[in-house]
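Asks: next comes the sequence, and after it the predicted model I'd like to discuss.
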Amino acid sequence: MIQKSFGYACKKIREGKGLSQEKFALLIEMDRTYYASVESGKRNISIQNIKKIADGFGISISELFETVEKG
């Protein structure tokens, strides 16, 4: 399921940067509970929010999806 794979990739990148969900959500101006639901694979996230997340990680959307594909 793509939502779970996307959420897992986001969690992996965020943890690799040493950020809590709360700190990362604040950084990208997203509600922490919304971001938590993204990481848990419970959201069908919009492209605007995917862009916010990629920008927060300092990577392109394509790099983010490459991480999703690698699992």
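Replies: Sure, I can see it.
Asks: how about low-confidence regions in this structure?
Replies: Within the chain, the segments meeting pLDDT under 70 span 71.
Asks: let's see it at 90
Replies: Counting by pLDDT under 90, the ranges of the chain that qualify are 1, 69-71.
Asks: point to the residue nearest the middle of it.
Replies: residue 10 (3.5 Å; CA atoms, centre = their mean).
Asks: which of the helices or strands spans that residue?
Replies: Secondary structure from DSSP states H and E places residue 10 in helix 2-16.
Asks: who's in contact with that helix?
Replies: By CB atoms under 8 Å, 6 or more residues apart in numbering, the residues outside helix 2-16 that reach it are 21, 24, 38-45, 53, 57, 59, 64, 67-68, 70-71. Where you see a C-beta, it was placed from the backbone N, CA and C, and this is true even at glycine.
Asks: so where do the helices sit in the chain?
Replies: Applying DSSP state H to the chain gives helices spanning 2-16, 21-27, 32-39, 47-57, 61-70.
Asks: could you export the shortest one as PDB, CA atoms only?
Replies: Once side chains and other backbone atoms are set aside, the C-alpha atoms of helix 21-27 remain, and they are given as PDB (Å, rounded to 0.1, in the frame of the first residue of the first chain):
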ATOM      1  CA  GLN A  21       7.300  14.400  14.800                       C
ATOM      2  CA  GLU A  22       6.400  17.600  16.700                       C
ATOM      3  CA  LYS A  23       9.600  19.500  15.700                       C
ATOM      4  CA  PHE A  24       9.300  18.400  12.100                       C
ATOM      5  CA  ALA A  25       5.600  19.300  11.900                       C
ATOM      6  CA  LEU A  26       6.400  22.800  13.300                       C
ATOM      7  CA  LEU A  27       9.200  23.200  10.800                       C
END
